[in-house]
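Asker: got a predicted structure plus its sequence, pasted below:
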Amino acid sequence: MSVGACIILDMTKYQKYTWVCTSDCDALIEYTFKDGYGWPAGVMDLTCRCGTACTLLSVEDATIPYTDTPLTKEETMEEATPAVTVPDTYNSNLLVTYKVIRGYSDAEYATDKVASIEWDLHNGRQSQKRVTTLLSQIDAVKEIICEAYADSGDQDTLRAIAEALSIELIKEVEFTASIEVSGTYSYNILENDYDLDLESEVTDALYADSNNGNIEIGDTEVCNVREC
């Protein structure tokens with residue numbers, strides 16, 4: 001934001017009006033006017049930005065100080081950024097010995113300057129960001145290929161793109177299925193305290209599973225249990 005040239009003259013007769021908005025916004029609004037440019041006598045209405053009529057709190061004389069120093073240069077207002085504090089013990093040329101981890105193989109020990117290690121860490125973070133972006137893009141390509149493959153007239157090209165990006169063309173299909181089950185349940189009728197609840201017994205005893213690794217059973221429900 002630039003501040004242009006201006007001069008504040010000696011105008012000391014002002015009035016300051018103060019309102020409060022009683023709605024949820026709870027705003028306090030102040031206006032300061034030169035005499036003769038304020039609200040007409042007896043008319044003090046003001047509507048808040050939220051649409052609520054404000055309540056006048058006070059009207060009082062105000063004084064704006066005089067200055068004869070014009071602002072003749074454009075000044076750029078910039079947000080102040082906190083200065084970085086460098087520790088007294090920091091030495092970018094210091095030699096440091098550190099462990100280099102290489103997967104499951106034995107670790108190695110290397111010695112390098114702090115500055116070189118800092119750049120290696122920076123480049124590693126940038127590479128990780130790039131990998132994350134590429135993986136996201138590959139996932140998007142996978143979705144496009146899976147949706148278009150069945151109806152595509154050029155499946156060979158789509159297959160080649162998938163192989164180049166190591167994409168497995170796997171599409172998940174949700175399904176529901178019904179299985180009719182019949183069987184026999186045995187219980188001792190001489191147990192006087194036993195009241196047969198066939199539905200509960202069958203529900204607790206039956207479950208569905210898959211012998212096909214490509215099918216995953218998410219939920220099962222036993223219904224329509226009845227005696228034959």
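Answerer: Thanks, I have the structure now.

Asker: which strands and helices sit next to the longest helix seen in the chain?
Answerer: In the chain, assigned by DSSP state H, the helix with the most residues is helix 114-148. Packing partners of helix 114-148 (3 or more Cβ pairs under 8 Å, 6 or more residues apart in numbering; DSSP states H and E): strand 95-100, helix 155-164. (Glycine included, C-beta is placed from N, CA and C.)

Asker: buried deepest among these, which one?
Answerer: helix 155-164 (a mean of 13; mean count of other Cβ atoms under 10 Å).

Asker: on the three-state scheme, residue 204 is what?
Answerer: helix (DSSP: H, G, I helix; E, B strand; the rest coil).

Asker: so what's the residue count around it?
Answerer: 10 (other Cβ atoms under 10 Å).

Asker: sec struct for the residue of the chain most remote from its centre, please.
Answerer: What lies farthest from the middle of the chain is residue 190; by Cα atoms, centre = their mean that is 64.4 Å. Secondary structure, three-state DSSP: residue 190 is coil.

Asker: one more: the one 10 residues further on?
Answerer: Local secondary structure at residue 200 is given as helix here, using three-state DSSP.

Asker: which ones are touching it?
Answerer: The contact partners of residue 200, by Cβ atoms under 8 Å, 6 or more residues apart in numbering, come to none.

Asker: then residue 151?
Answerer: Per Cβ under 8 Å, 6+ apart, neighbours of residue 151: none.

Asker: hang on, the earlier thing: got a markdown table for the helices and strands packed on helix 114-148, with distance to residue 199 and mean pLDDT too?
Answerer: Formatted as a markdown table, those follow (distance: least, Cβ to Cβ, whole Å; pLDDT from 0 to 100):
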| stretch | distance to residue 199 | mean pLDDT |
| --- | --- | --- |
| strand 95-100 | 63 | 89 |
| helix 155-164 | 48 | 93 |
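
Asker: thank you kindly, that will do.
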